[in-house]
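S.K.: Pasted the sequence and its predicted model underneath.
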Amino acid sequence: MDTVLTLQAVSKQYPGHRAVDNITLEIARGEFFSLLGPSGCGKTTALRMIAGFEEPTSGDVFLGGERINGKRPYERNVSTVFQSYALFPHLTVRGNIEFGLRHKGKRFAGEMDRRIRAALEMVHLENKENRRPAELSGGERQRVALARSLVLEPEVLLLDEPLSALDPKLRKQVRLELKSLQRRVGITFLFITHDQEEALSLSDRMAVMNRGAVEQIGTPEEIYLKPRSRFVASFLGGMNWIDSGGLRPEVTHLGAEPPGDGERSLPATVVHSVFLGNFVQVQVRLASGETMIAETGRRDVAFRNGDAVHIWWRAEDELHFEAEARK
Amino acid sequence: MNRLRNAFLAPAWVVFTLLFFAPLAVIAAYSLATRGTYGGVSAPASLESWVRLADPLYLVILLRSFALAGVATFICLLLGFPLALFIARAGARRNLYLQLVIVPFWTSFLVRTYAWMFLLRETGLVNSALMALGLTREPLPLLYNNGAVILGLVYGYLPFMVLPLYATLERMDRALLEAAADLGARSWSALWRVVIPLSAPGIRAGSVLVFIPCLGAYLTPDLMGGGKTIMIGNLVQNQFTTARDWPFGSALSLALMVIVMVLLMALVRRGGEEGML
Amino acid sequence: MKRLLPLYAVAVYAFFYLPLATLAVFSFNASRFTLWEGFSWRWYAAAFADAQLIEATWNSLVIAVVATAVSTAIGTLCAYGLWKRGSAPLTGSLYLSLVTPEIVMGIALLAFFQWVFRFLGIQLGLHTVILAHVAFSIAYVVVVVLARLRTMDAALEEAALDLGATEWQAFRKVTLPMIGPGVAAAAMLAFTVSFDDYVITSMVAGVDSETLPMVIYAMARRGANPVVNSISTMIVVALGVMVLVSERLRET
């Protein structure tokens, strides 16, 4: 693996609060890597230590093999797309893109114009170069922020929840564009998000963070299908908790009769069902009083509240977590 | 980044140290000296100036200052509260109405005091008008008394009351008032039972911010009180000019500073300093 | 109450403005006495013909301009530093300087200058007035500029650093343009408080540094003098416009 960015046992201690707790990450060149976690899990602090806005209390940050601890943000060949985009309101679109070229992109002197033009084309803002940020839509602002950073050809582009300021409809579309943009430019993206759907759909690899620590690193498939901890399992999707471990709702089935040998099943009563378009989510109550969720195709038998049913699953679909107490 | 920040704060520290704290330190030292024959100070050190603060002769002036400042503050509250309420409920025009309060406030304290002298002095507009109308034959003594001083103080510092009151009232949830009205509170009783209790922070901040400058006022009692030593400020000034008793003037100044600091700290502790400007 | 409140407000506004308006009207009175005898510019002409007044105005302008420039620069830097990270001792000093009675500040500065100058052999003069004005106007500048900074997205500066600007470049090219109107408003406010100050100035002024407020004060003490009406009116209008502009700038 051609590693571009390494965090080696990095921690950040604030008075009375450990924001980042001994995290180690290796990010490959050209990779789309996500840091996923709930708010306050330390993912933004981790990003700020890479950008140079914060210094690690302990541990090392390497960029392209060089240790960059203690370097100022303007001395690091990374660039950030901020959550608020932080476009300079007093400069035009062009002025915003030019700003970085004038300061950090001195190596591009002589081809500034061509680069700005290319950056504008890349994000389809050729005809808006003289607008000010206030005159742009949310999506356009996000694209200016991307262009402003990408034009510098950073070794790693840091994206701090760049989709959260957009309205939900636009978000899905921009997500696709972001992925294809990353493929085209070939720059390493480090993407921070609390939205598991974003992380799963965009990333080549991802890390799930909780309380300052990394819980698991892997491809989206690995993390979704083989979560190593209960936290990861439940943060990435719905979970039914059973004594031996957990089950995703989509591998949990319902039947009027007990299933054949080889499947595991429990008797239950239907409590509630929700129609969700291409499937139906059914909540059932077990004899123990606990509830579970099953998903059934909408063409399957309809279950009514109060129906006595059997909830069943395949043993191999069960998720097991080593030596971890149920929370 | 911290080095740049410290560099940015440094000039302000230099100015405050040299032109604020050092002068205060000098008068602190002077307050412990003996008065010089022609002004200034001389050895030996003594606590006499501080002891003299308790002299009934000066205690009266101290008490009078508190009384005048207190009355002025109360009048400011009576005038300022309805005005702040009016502005807070003025909708889109709020800023205009607020500026109408602020603009004259920053526009020459001296001239505004003079305007009242022009109106109230024996040959002033009010007396001229009264005499022209035949309502009085002798000019009324409108100026150069305690009432005139209070008027001048109210006129000078009323905006200090209005601004924090407005800040509190503006932030107050309209829904609260509507809820009160909904529960059958008539508007007067809603005012008395809901609005006034909830604006306590603004009332507190406004009162302190008016009381402090009133207590230390010099120009207003000097011009509108007719040059008699009515308030502490005049007494201080007097020690440095006619009386030539610098140690006593210094002790008085520091005593005044201590009172002001106590009031300010009480306010800051309550988080009320935000409405200061 | 709905009907009473506006009436009350009108009355308070009248209380604010009527004395100044009356003064302005009578500054155009042809008579020396406070009875209207017709319109005249004579008191304005008299004001402009008064060499002492002109010199005092010039002194006031020089003091205000220099003090404003210095205190705006120092105050803006200070506000920026405090915005980055608060400093309780400095904030406390700022508030303390705002509430210190002018007369106390004045005599303290007088005592201090006399004590220092005894060693240096310097006299009181314009320079001492300027120093005093810088000292008391910094706090106003800090308060206004800090309020402006607090409306700014802190990420803007980080973005500038991220795009290669040094801290100083980020301040100059991003922060300063963003807070520009606030700084201008603060400067105008500093100018106003400096131009208008009487109490502190009268304490630390030398024989050659009489300011406009000092002349007005002396004239007001001496008795009725219609020239004061015309000067006062001019001051109110000039400073009023400045404050109004300053307030507008604070809003943008």
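M.R.: Yep, that arrived. Numbers count the residues shown, from 1 in each chain, chains lettered A, B, ... in the order given.
S.K.: Tell me which helix or strand residue A:267 sits in.
M.R.: Using DSSP states H and E, the element containing residue A:267 is strand A:263-275.
S.K.: Parallel or antiparallel, list what pairs with that strand.
M.R.: Next to strand A:263-275 in the sheet, as set by DSSP bridges, lie strand A:279-286 (antiparallel), strand A:308-314 (antiparallel).
S.K.: interface residues of the stretch 151-252 of chain C facing chain B?
M.R.: Within the stretch 151-252 of chain C, the positions lying close to chain B (CB under 8 Å from any CB of the partner chain) are C:167-168, C:171, C:189, C:192-193, C:196, C:198-199, C:203, C:213, C:216-217, C:220-221, C:224, C:228-229, C:232, C:235-236, C:239-240, C:243-244, C:246-247, C:251. Any C-beta I mention is one placed from the backbone N, CA and C, and that applies to glycine too.
S.K.: ok, now with 6 Å
M.R.: Residues of the stretch 151-252 of chain C lying near chain B by CB under 6 Å from any CB of the partner chain: C:167, C:192, C:196, C:198-199, C:213, C:216, C:220, C:224, C:232, C:235-236, C:239-240, C:243-244, C:247.
S.K.: out of the strands paired with strand A:263-275, which comes closest to residue B:264?
M.R.: Closest to residue B:264 of those is strand A:279-286 (CB to CB; 60.6 Å).
S.K.: Let me know the distance separating residue A:306 from residue A:285.
M.R.: With distances taken as CB to CB, to the nearest Å, residue A:306 is found 10 Å from residue A:285.
S.K.: Kindly report the same for residue A:16.
M.R.: As judged by CB to CB, residue A:16 and residue A:285 stand 43 Å apart.
S.K.: residue farthest from the centroid of chain A?
M.R.: Within chain A, the residue lying farthest from the chain centre (CA atoms, centre = their mean) is residue A:257, at 40.7 Å.
S.K.: Go through the residues of the stretch 151-252 of chain C next to chain B and flag which are in helices.
M.R.: If you go by DSSP state H, those have C:167, C:192, C:196, C:199, C:213, C:216, C:220, C:232, C:235-236, C:239-240, C:243-244, C:247 in helices.
S.K.: Would you mind listing the two of the residues you listed that lie farthest apart?
M.R.: Farthest pair in these (CB to CB) is C:167 and C:220. Separation: 50.6 Å.
S.K.: In contact with residue A:227, which residues are there?
M.R.: In this structure, residue A:227 makes contact with residue A:233, judged by CB atoms under 6 Å, 6 or more residues apart in numbering or on different chains.
S.K.: Just confirm it is within a strand.
M.R.: No - counting by DSSP: H, G, I helix; E, B strand; the rest coil, residue A:227 is not part of a strand but coil.
S.K.: Report the buried residues of the longest helix seen in chain B.
M.R.: When chain B is parsed with DSSP H, its longest helix is helix B:56-88. Buried residues in helix B:56-88, counted by 16 or more other CB atoms under 10 Å in any protein chain shown: B:58, B:61-62, B:64-66, B:68-69, B:71-73, B:75-77, B:79-88.
S.K.: Count the residues that sit near the closest residue to residue A:31 other than its chain neighbours.
M.R.: If the residues on either side of it in the chain are set aside, residue A:31 comes closest to residue A:204, at 4.9 Å by CB to CB, 6 or more residues apart in numbering or on different chains. By other CB atoms under 10 Å in any protein chain shown, the residues close to residue A:204 number 17.
S.K.: Can you verify my assumption that residue A:204 contacts residue A:29?
M.R.: No - using CB atoms under 6 Å, residue A:204 makes no contact with residue A:29, being 11.3 Å away.
S.K.: Pull the distance from stretch B:156-170 to the chain's centre.
M.R.: Centroid separation between stretch B:156-170 and its chain, computed with CA atoms, centre = their mean, to the nearest Å, is 13 Å.
S.K.: Can you list the neighbours in contact with it?
M.R.: Contacts with stretch B:156-170, where a contact means CB under 6 Å, 6+ apart, come from B:76, B:80-81, B:83-85, B:87-88, B:101, B:105, B:199, B:201-202, B:205-206, B:209-210, B:213, B:275.
S.K.: Grab the nearest non-local neighbour of the residue of the stretch 101-250 of chain C found nearest chain B.
M.R.: Residue of the stretch 101-250 of chain C nearest chain B, by CB to the nearest CB: residue C:101 (2.5 Å). Nearest residue to residue C:101 in three dimensions, chain neighbours excluded: residue B:216, at 2.5 Å (CB to CB, 6+ apart).
S.K.: what's the neighbour count on that neighbour?
M.R.: Burial measure for residue B:216: 25 neighbouring residues, criterion other CB under 10 Å.
S.K.: Check the one 4 residues further on too.
M.R.: Residue B:220 sits with 30 neighbouring residues when counted by other CB under 10 Å.
S.K.: And the pLDDT for the residue in the stretch 101-250 of chain B that chain C sits nearest to?
M.R.: Minimum separation of the stretch 101-250 of chain B from chain C (CB to the nearest CB) falls at residue B:216, amounting to 2.5 Å. As predicted, residue B:216 sits at a pLDDT of 93.
S.K.: Against residue C:199, how distant is it?
M.R.: Taken as CB to CB, the span from residue B:216 to residue C:199 is 10 Å.
S.K.: Helix or strand with the lowest mean pLDDT in chain B?
M.R.: Sorting the helices and strands of chain B by mean pLDDT, DSSP states H and E puts helix B:174-182 at the bottom, at a mean of 65.
S.K.: re the thing from before, assess the claim that the residue nearest to residue C:101 and residue C:100 are in contact.
M.R.: No - using CB under 6 Å, residue B:216 is not in contact with residue C:100; the gap is 7.8 Å.
S.K.: Could you measure from residue A:57 over to chain C?
M.R.: Residue A:57 sits 18 Å away from chain C, going by CB to the nearest CB, to the nearest Å.
S.K.: right, and that residue touches residue A:10 too?
M.R.: No - Residue A:57 is beyond contact range of residue A:10, at 8.6 Å (criterion: CB under 6 Å).
S.K.: For these two, indicate the residue with more neighbours.
M.R.: It is residue A:10, of residue A:57 and residue A:10, that has more neighbours when counted by other CB under 10 Å, with 23 against 14.
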